[in-house]
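In: Okay, predicted coordinates and the sequence, questions at the end:
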Amino acid sequence: MEKRQLVLEDGTTFTGEAFGSKEASVGEVVFNTGMTGYQEILSDPSYCGQIVTMTYPLIGNYGVNRDDFETINPSIHGLIVKEVCDYPSNYRSEESLDSYLSANNIPGIAGIDTRRLTKIIRKHGTMRGIITAVESDESENRRLLEETPVIIDQVDRVSTVKPYVVPGRGYRIVLVDLGMKHGILRELTKRHCHVTVVPYHYSADKILRLKPDGIMLTNGPGDPKHVPETIEMIREIMAHVPIFGICLGHQLLALASGADTEKMKFGHRGSNHPVKDLILNKTYMTSQNHGYAVKLASLEQTDLKLTQIALNDGTVEGIEHKTYPAFSVQYHPESSPGPEDTNQLFDQFLSKIAFSKSTIKEDASCQSVKI
């Protein structure tokens, strides 16, 4: 098998075997601790611009199927594994991981010490890297790492270009696509919602003209401060319509409410992150994928209250607005992939919509009596 190397920006080099595309690729090297779910990870838009290391040693053994994609066009810049399975065995499998990566121009490298690589990232933080041929010039690799621009427009790359509708007979939900996983859309349509998906830069005026019952802020890649137009939209719309934010949507809701965010050392990426609900005094296992977090101390001067925390490091996992019907979580309740412990949050969102609509009716009734 053809040899390939991974070169980190600090000069650390790993040599392994090539699979997938033969193209060289630069990206932020991160790691995911999930044992399964590699197909959803590959197609998750939140990984736009990143090279993902899978810590589980054998990847690709159940192949790739047509049902588990989270988007049509993957945005990942590379995949790193200890061992890749060339001959998958599963009744749903339609192609190998190597075949899928080749078709989508994504390079992979196998046979390296992923445990050592993960320990480097945990110690020094995420860093840029390049997957390239072993014959490539060392100085050229260094130049590419130094001169390749850092991507800051990830959301613009993965958000829908124009609005579209997924019809339903239930509540009318406007889904702000920041890098949406199809799992979120599946959960809403399963609850018979009428969903209008709009781009991340859709204005508050345009959204309100759609007469939504609720607003959904999806997951997405990158630094939340790089999408100021979405932050401003949330500020303008927060008092009018119930809001539910997930992952990047959670961070944007916090920023729109006056809180702050920060880049994490190596982030949370995996399917087994414990989160404690401070309101219900319950702990959930959650699926996560983010490199930024809401600053806990920054909540003090806002109208937000802390509702959930990560048990591993104490980071903010859930917030709720004290005045408006808006709440958010840092993890992925749609559970694709991952545990389904928090799937009920979609029902909680619809309950907030029902309560909000009943309150509006009561207010209208009171006004008509006074008249």
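Out: Everything's here; your move. Numbering: from 1, shown residues only.
In: where along this protein do the helices fall?
Out: For the chain, the helices defined by DSSP state H cover 38-42, 97-103, 114-124, 138-147, 154-158, 182-190, 204-209, 228-237, 248-256, 345-370.
In: Sketch out the low-pLDDT regions of this structure for me.
Out: 360-371 (pLDDT under 70).
In: Please repeat the previous calculation with a cut-off of 90.
Out: Applying pLDDT under 90 to the chain picks out residues 1, 335, 356-371.
In: Give me the buried stretch members for the longest strand seen in it, please.
Out: In the chain, ranked by residue count with DSSP state E as the criterion, the top strand is strand 261-277. Neighbour-count burial for strand 261-277, with 16 or more other CB atoms under 10 Å as criterion, is recorded at 261, 266-271, 273, 275-277. Glycine gets a C-beta too; all of them are placed from N, C-alpha and C.
In: The closest residue to Ser159 other than its chain neighbours: neighbour count?
Out: Excluding the flanking residues, the one nearest Ser159 by CB to CB, 6 or more residues apart in numbering is Tyr200, at 4.4 Å. By other CB atoms under 10 Å, 23 other residues sit near Tyr200.
In: From Val26, how far out is Tyr200?
Out: Distance, Tyr200 to Val26, using CB to CB, to the nearest Å: 24 Å.
In: Over to Thr12?
Out: Applying CB to CB to Thr12 and Val26 gives a distance of 15 Å.
In: ok, those two, which is more surrounded?
Out: Val26 (24 against 14).
In: my read: that one touches Gly49, true?
Out: No: between Val26 and Gly49 there is no contact under CB atoms under 8 Å: 9.0 Å.
In: Quickly list what's touching both of the two.
Out: Residues touching both Val26 and Gly49 (CB atoms under 8 Å, 6 or more residues apart in numbering): His77.
In: send the alpha carbons of stretch 152-160 over as PDB?
Out: Only the C-alpha atoms of stretch 152-160 are listed here, as PDB (Å, rounded to 0.1, in the frame of the first residue of the first chain):
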ATOM      1  CA  ILE A 152     -12.900  31.600   9.100                       C
ATOM      2  CA  ASP A 153     -15.900  31.400   6.700                       C
ATOM      3  CA  GLN A 154     -16.900  27.800   7.600                       C
ATOM      4  CA  VAL A 155     -20.500  28.600   8.200                       C
ATOM      5  CA  ASP A 156     -20.800  30.400   4.900                       C
ATOM      6  CA  ARG A 157     -19.400  27.300   3.200                       C
ATOM      7  CA  VAL A 158     -21.800  24.800   4.700                       C
ATOM      8  CA  SER A 159     -25.000  26.800   5.100                       C
ATOM      9  CA  THR A 160     -27.800  26.500   2.500                       C
END
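In: Number the residues from 546 up from this point.
Out: Sure thing, new numbering starts at 546, so read that last one as stretch 697-705.
In: got the contact list for Thr831?
Out: 818-820, 862, 876-878, 883-884, 886-887.
In: Mark which of those are buried, thanks.
Out: So, by 16+ other CB under 10 Å, the buried ones in those are 818, 820, 862, 876-878, 883-884, 886-887.
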